[in-house]
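# please work out how this folds:
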Amino acid sequence: MHSTSFPIPKSLFALAIAIVATLALLASAAAAQAATFTGETTRDLPVRLETRAIDGVPRAMVISWETGKCQRPGNSFSSRTRFNGFEEATAERLASEGKYVVKQRSENLRSIVRVRVSGKRVSETRWTGRFAAKVRVKKKGKPYERCRQPEIGWSARLSGARAAEPALGPALAEGLRH
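Residues are numbered from 1 along each chain as shown. Sure thing, here's the model as predicted:
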């Protein structure tokens, strides 16, 4: 038997390689989405942690919290804190602290919130950590109230769907409540 081979033009061969390379790149980009971990605090409030796709380092976190007590009986303070980046972050640990202001114009209140978070990856699919907050409330510029969220734990597992904004459950009314 005699077989005949036909030479493949170099330009067609180069095109085929470019197509295969492009498809491989698209497949790896789709698989390399940022991971989202969702869970709860030890007070049953929602937590979401997002990691970077390239190296698994935490890039953002949202944690909902509510103080159990303030100095004045019957008062409490709730907030949803977002950390956009961390002072310390590796693929195994995170830590950050900072402050922000919550204004409640209807009651002429201004709250200065100081927060601290830390965490560690305990497995490929789970992070755990600690969170604490202190709040100083001013009314018409004068000290009015102090509230504290003693250190609480949080835990988050890798979400099945890698959605950009998974639901965090019912929103808390942010600020001081009487």
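# is residue 86 in a helix, a strand, or coil?
coil (DSSP: H, G, I helix; E, B strand; the rest coil).
# so it touches residue 97, yeah?
No. Taking contact to mean CB atoms under 8 Å, the distance of 9.6 Å between residue 86 and residue 97 leaves them out of contact. Bear in mind the C-beta positions are built from the backbone N, C-alpha and C, glycine included.
# so the two - more neighbours on which side?
Comparing residue 86 with residue 97 by other CB atoms under 10 Å, the one with more neighbours is residue 86, at 21 against 14.
# got a list of what that one touches?
With contacts taken as CB atoms under 8 Å, 6 or more residues apart in numbering, residue 86 has the following neighbours: 58, 61, 94-96, 117.
# name the element the residue minimising distance to the centre of the chain belongs to?
The centre of the chain sits closest to residue 61, judged by CA atoms, centre = their mean, with a distance of 1.9 Å. Here residue 61, judged by DSSP states H and E, is contained in strand 58-66.
# so after that strand, what's the next helix or strand?
Per DSSP H and E, the first helix or strand lying C-terminal to strand 58-66 is strand 69-70.
# show which residues not belonging to that next one make contact with it.
Contacts of strand 69-70 from elsewhere in the structure, counted by CB under 8 Å, 6+ apart, are 75-77, 135, 137, 145-148, 176.
# roughly how far out does that strand sit from the chain middle?
Centroid separation between strand 69-70 and its chain, computed with CA atoms, centre = their mean, to the nearest Å, is 26 Å.
# now swap in stretch 108-124 and tell me
Averaging C-alpha coordinates over stretch 108-124 and over its chain gives two centres that are 11 Å apart (CA atoms, centre = their mean).
# I'd like the numbering to begin with 331 instead of 1 from here.
Right, with 331 as the first residue, what we last looked at is stretch 438-454.
# just give the nearest non-adjacent residue to residue 433, would you?
Take residue 433 and drop its neighbours on the chain: the residue closest to it by CB to CB, 6 or more residues apart in numbering is residue 440, 5.5 Å away.
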